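>>> Quick one, fold the following:
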Amino acid sequence: MDLYGPQFALKYTDVTVKLFDVDYWSERGGRNGLHAFGFASTRKTSDGSCTHEVIMLSGRTREEMTSVAAHEYTHLWINENRPTAM
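Just a heads-up that it's a prediction; the model follows:
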C-alpha cells in the first residue's frame with residue numbers, strides 16, 4: 001500500500017494466516033503436481049462481508065515470505081473487488 005495508496009487496502013481485514021511445512025502440501029499431492037509457496041482464499045459471509053485465509057509454506061527466507069505474502073494479498077484484494085458475476 002505504500003507504493004500504490006489506500007485504494008489497495010482490504011475492505012474486510014479479517015485475515016487468518018497459517019504456516020505449514022512441506023508435509024502439508026505433500027499429503028495433498030501438491031497443487032496439480034506443482035510446488036506451492038502459498039494459497040489465498042476468500043469467503044463471502046451471509047451479511048455480505050468477507051473473511052480471508054492465507055496459507056504459506058514455512059521455512060522460507062524473509063525475502064521469499066515477503067514476496068509470497070504480497071502475492072497472496074493481491075489475490076485477496078482481487079477476490080474482494082472483482083464483480084460478483086465473475
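
>>> Could you use CA atoms for every contact and neighbour count after this?
OK.

>>> so L19 sits in a strand?
Yes: L19 sits within a strand when classified using DSSP: H, G, I helix; E, B strand; the rest coil.

>>> residues in contact with it?
Residues near L19 by CA atoms under 8 Å, 6 or more residues apart in numbering: I55, M56, L57, S58.

>>> so what's the second one bridging to?
Listed by DSSP bridges, the beta-bridge partners for M56 are L19, G38.

>>> my guess is E72 is in a helix, correct?
Yes: per three-state DSSP, E72 lies within a helix segment.

>>> wait, isn't it in contact with G38?
Yes: using CA atoms under 8 Å, E72 is in contact with G38, at 6.9 Å.

>>> residues bridging contact with the two, i.e. touching both?
Common neighbours of E72 and G38 (criterion: CA under 8 Å, 6+ apart): V54.

>>> for the protein, which spans come out with low pLDDT?
1, 23-35, 85-86 (pLDDT under 70).

>>> between the contacts of L19, which is nearest V17?
Taking CA to CA as the measure, V17 lies nearest I55 of the contacts of L19, at 5.9 Å.

>>> what's near enough to touch the closest one?
Contacts of I55 by CA under 8 Å, 6+ apart are V17, K18, L19, F20, G38, F39, A40.

>>> Tell me the one among those residues nearest to E64.
G38 (10.7 Å).

>>> Can you give me the distance of that closest one to H71?
According to CA to CA, to the nearest Å, G38 stands 9 Å off from H71.

>>> Please say which of those two ends up with more neighbours.
G38 (19 against 14; other CA atoms under 10 Å).

>>> give me every residue that touches the more buried one.
V54, I55, M56, L57, V68, A69, E72.

>>> how does it look with 10 Å?
18-20, 25, 54-58, 65, 68-69, 71-72 (CA atoms under 10 Å, 6 or more residues apart in numbering).

>>> Among those, give me the pair with the biggest separation.
Maximum distance among these (CA to CA): 18.3 Å, for W25 and H71.

>>> Cheers, nothing more for now.
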